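Participant: Next one to model:
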Amino acid sequence: MSGPTDREQITQGQRQFSDDELQDLVASTDSGARDPSSKGVAMLIAGLALAWSLFQLWIAQPQLWFAEYLPVLNSSQTRPIHLTFAIVLAFLAYPAFKGSPRDRVPVTDWILLIVGGGCAFYVFWFSDHLALTARSGLPTDTQVYIGAVGLLCLLEASRRALGPALTVVGSLFLLYAYMGTGWLIPELVEHEGLSFTALMNAQWLDTAGVFGIPLGVSTAFVFLFVLFGSLLDKAGAGNYFIKLAFAGLGHLRGGPAKAAVVGSAMTGLISGSSIANVVTTGTFTIPLMKRVGFTSEQAGSVEVASSVNGQIMPPVMGAAAFLMVEFIGISYVEVIKHAFIPAVISYIALVYIVHLEALKKDMPALGEAKSFIGLILNFFIGFAIAGAAFTALIYAMGALESALPALSGPIAIVGLLAVYIYLVSVAAKRPDLEVDDPNATEIKLPTVKEVYATGLHYVLPIVVLVWFLMVERQSPAKSAFYATSLMLFIIVTQRPLKALFRGQGGQLAAEFKGGFDDLIAGLIGGARNMIGIGVATAAAGIIVATVTKTPIGTELAGLVEMLSGGNLLLMLMLIGLFSLILGMGLPTTANYIVVSSLMASVVVSLGAQEGLIVPLIAAHLFVFYFGIMADVTPPVGLASFAAAAVSGGDPIKTGFTAFFYSLRTVALPFLFIFNPTLILYGVDLGTWAGIFEAITVFIVATIAMLLFAAATQGYFFARSRIYESAMLLLVAFTLFVPNVWLDMVQSPFRDAPPAEFESALAEAEADSQLRLLISGPDFDTGEIVELTLPVTVSDAPAAQRVSDTGILMFEEGDIMRLDEPMFGSDAGDAMADFDFYSDEPVQLVSVQVPQNRMPKEVFYLPALLLLGLVIALQRRRQTKPAF
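Facilitator: Numbers count the residues shown, from 1 in each chain. Modelled structure (predicted):
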């Protein structure tokens, strides 16, 4: 639902924010604020955006599109074309400054778009020539000049589309790479500096800088998902999701706020922008939240917290999911598996926080109040039915493929078409959902029965997406292509089909035209929403290339270690703070690229030095969570400023309140660093035991997160006293990471002498893990450093297991000396910073062998007893139902 009409105003002090101004706020950050009065220029912008969408659909599945007439392009050719569209549209759609004309394109912008677009297109047109010259280390002077001009144009396009943050950061990294030394550059990360030619070659002409992995992910994956979301929204799915959330939750205490949380979670599936999410859902939800008793700042904060959390919700995660696939080297399904539980329990906790606020203020429900417990029960029943139906579909398709392998595809398509037509026929029996007015005198909330059937056909493309991702295990690009293809069909046909079912055959032509217009608008809107992301991923490539070509990527760990004094928890807090600062003012995609390039490996390496084995996916999620918190946190907090514009509240106070509501999102990264089971790391979902473990983890983590929310909000069954909040925090901590207490009581490993490494490896069970404590001189500084190296035991015969590790060792007197590990092995990558040719040996200090311990769940018992004590204390003071 969009917000109030243009006549209705939302007031902040003396300033008025109309619906047009709020949409302009979204446009200025997401799709470009320029609205040219010249029909020709407007048509040019729309035509280029449409062409970009069609180009992306073609390269997604080239065999389906004019394969006989057009060549198939490789990634080194598609990326420059992608960036060409982004740069040209950035200068067309985004004015240079707030005071720059919006109704026309100045001459300077025409020059910039031609020059900037030309520099990007040069990389495509002369890709073969670049392969023989620049990419072979022999760039020409012309190529270097083109690279320099292209970088300047890219940074300016980034400034316009994203604000100054990424431009400033990118410029600083370019200066650092070029200069190497200077009074502002710490000695630890100094280097000789790159020549101007080498810098331009690395950044623009090579395939690892601007045109590297981040832009490749934007080209191959992100565009299709953004386009998919744009088409869904244009078809009416956004309004449907918010209506459904209000139908289900609006009748509860603080119902509008609960509906805002759930609605933002659902729209987070189709929106890659927290700011757009705030304004789109907030113009409806924020006035209703204020109506039932939330202050302006609280209402804005709830919307900010729920909208920003949409960025951590699979499957898109603000495009970070696709970048993690490339950066970490795991499958997309694995990323979704690891990110799912933290995102879901974070949303559940936010609903509970809103519920507690409603209890504290004794807020009324909108309309007839309903049971919160009953709603939760209905949700789980519906979830179970949906899960059972999806499981039955998997088995049915498996049986069909076994019986009729050649016809299973066509039969599935016909079946999908039949289901779609049936669902549209059901929707046609009900009136189309209208956009409600939150400022109306009387609010009539719909019921789930009235709403759910009107948009079930919108769920089909999401089911197709999930099917190809999770069941067929297709690539994200191909899965998004199939889902988008179905969405293209739906957006064109839903209106004429409804007209047919309603007996309005005379309106078929008009409805077809309306559907086609929606299609074109969706394609154009998707491309315009991609301008900032395309420019951001290209500009973030500057940081990635700098990290690769200079010591900053490897030496940053030393800087953090020095600042923290070697304390692991303080290290993690510093890394979280750095990630937060680096993410300020950057969109989700760009800030993840920046913070993961700089900080993810730091988390892993520093953890290893302290004996904590941190999975790489946990490190990436850690920095990602803190990066997106920059959208909440003052003084930048773009989403908080957008919410304040809607609510009429104070932006800084809104930001701080939103940060307070988001404490659970701040705590989660620390928890899954110390207990990776929370992200289902090491849990095999292909077995019943793994599924049972995952369900157990989810239930326990949800309870723990609810208790954490109650502790931070100071309310459980009644207003909490300080010691009760402390007790609740202790219980939540124990449920989240019981292994911390267990490690204090019983060490997880016993130390064995280095000479027993081979025997310990031979006796260990396959797929178990030993840890090696290694000491030796650092390659750069010569100082003695220590590393805890995890070694996974292979299922090979005992005699072969040592060679499978890639570790080479020999006895030298009383020590077990290590030689340089086998190239390409995990041990080789982990031990790359040791100097194996120094006079000081790299040696194996000890072998840490897992030992049998009591189960960590034993600590749940005292935690639950403590929880019972808190409940008993608060029940004496309870004056209203807790749910």
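Participant: dump the residue contacts of the most centrally placed residue in the chain.
Facilitator: Geometric centre of the chain, nearest residue: Met317, 2.6 Å, by Cα atoms, centre = their mean. For Met317, the contact set (Cβ atoms under 8 Å, 6 or more residues apart in numbering) comprises 311, 339, 588, 624. C-beta coordinates here come from the backbone N, C-alpha and C atoms, glycine included.
Participant: Could you do Ser720 as well?
Facilitator: By Cβ under 8 Å, 6+ apart, the neighbours of Ser720 are 710-711, 714, 728, 874.
Participant: Export these as a markdown table, with columns for secondary structure.
Facilitator: A markdown table is the format used below for the contacts of Ser720 (DSSP: H, G, I helix; E, B strand; the rest coil):
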| residue | secondary structure |
| --- | --- |
| Ala710 | helix |
| Ala711 | helix |
| Gly714 | coil |
| Leu728 | helix |
| Gln874 | helix |
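Participant: buried subset of those?
Facilitator: 710-711, 728, 874 (16 or more other Cβ atoms under 10 Å).
Participant: Show me which of these is closest to Ile185.
Facilitator: Nearest to Ile185 among those: Ala711, at 43.2 Å, using Cβ to Cβ.
Participant: still on that earlier bit, now tabulate the contacts of Met317 in TSV and tack on secondary structure, distance to Thr734 and pLDDT.
Facilitator: Formatted as TSV, the contacts of Met317 follow (DSSP: H, G, I helix; E, B strand; the rest coil; distance: Cβ to Cβ, whole Å; pLDDT from 0 to 100):
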residue	secondary structure	distance to Thr734	pLDDT
Gln311	helix	29	77
Ala339	helix	24	89
Thr588	helix	33	70
Phe624	helix	26	86
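Participant: out of the residues you listed, which one sits closest to Tyr458?
Facilitator: Tyr458 lies nearest to Gln311 out of the contacts of Met317, by Cβ to Cβ, at 21.5 Å.
Participant: Which helix runs longest in the chain?
Facilitator: helix 508-549 (DSSP state H).
Participant: quick revisit: a markdown table please, covering the contacts of Met317 and showing neighbour count.
Facilitator: Listed next are these as a markdown table, based on neighbours: other Cβ atoms under 10 Å:
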| residue | neighbour count |
| --- | --- |
| Gln311 | 30 |
| Ala339 | 25 |
| Thr588 | 27 |
| Phe624 | 29 |
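Participant: Farthest-apart pair in those, please.
Facilitator: For the contacts of Met317, and using Cβ to Cβ, no pair is farther apart than Ala339 and Thr588, which are 13.4 Å apart.
Participant: ok so, going back, which two among the buried ones among the contacts of Ser720 are spaced furthest apart?
Facilitator: Ala711 and Gln874, at 12.1 Å, using Cβ to Cβ across these.
Participant: Confirm that Ser37 sits in a strand.
Facilitator: No - with three-state DSSP as the criterion, Ser37 is assigned coil and is not in a strand.
Participant: So it is in contact with Pro101, correct?
Facilitator: No - Ser37 lies out of contact with Pro101 (Cβ atoms under 8 Å); the separation is 9.7 Å.
Participant: Those two - which one has more neighbours?
Facilitator: Pro101 (14 against 10; other Cβ atoms under 10 Å).
Participant: Which strand or helix spans that one?
Facilitator: Using DSSP states H and E, Pro101 falls within no helix or strand.
Participant: Quick check: it vs Cys153, distance?
Facilitator: Distance of Pro101 to Cys153, computed by Cβ to Cβ, to the nearest Å: 20 Å.
Participant: how about the helix or strand where Leu861 lies: buried residues?
Facilitator: Assigned by DSSP H and E, Leu861 belongs to helix 860-875. For helix 860-875, burial by neighbour count (16+ other Cβ under 10 Å) applies to 860, 863, 867, 870, 873-874.
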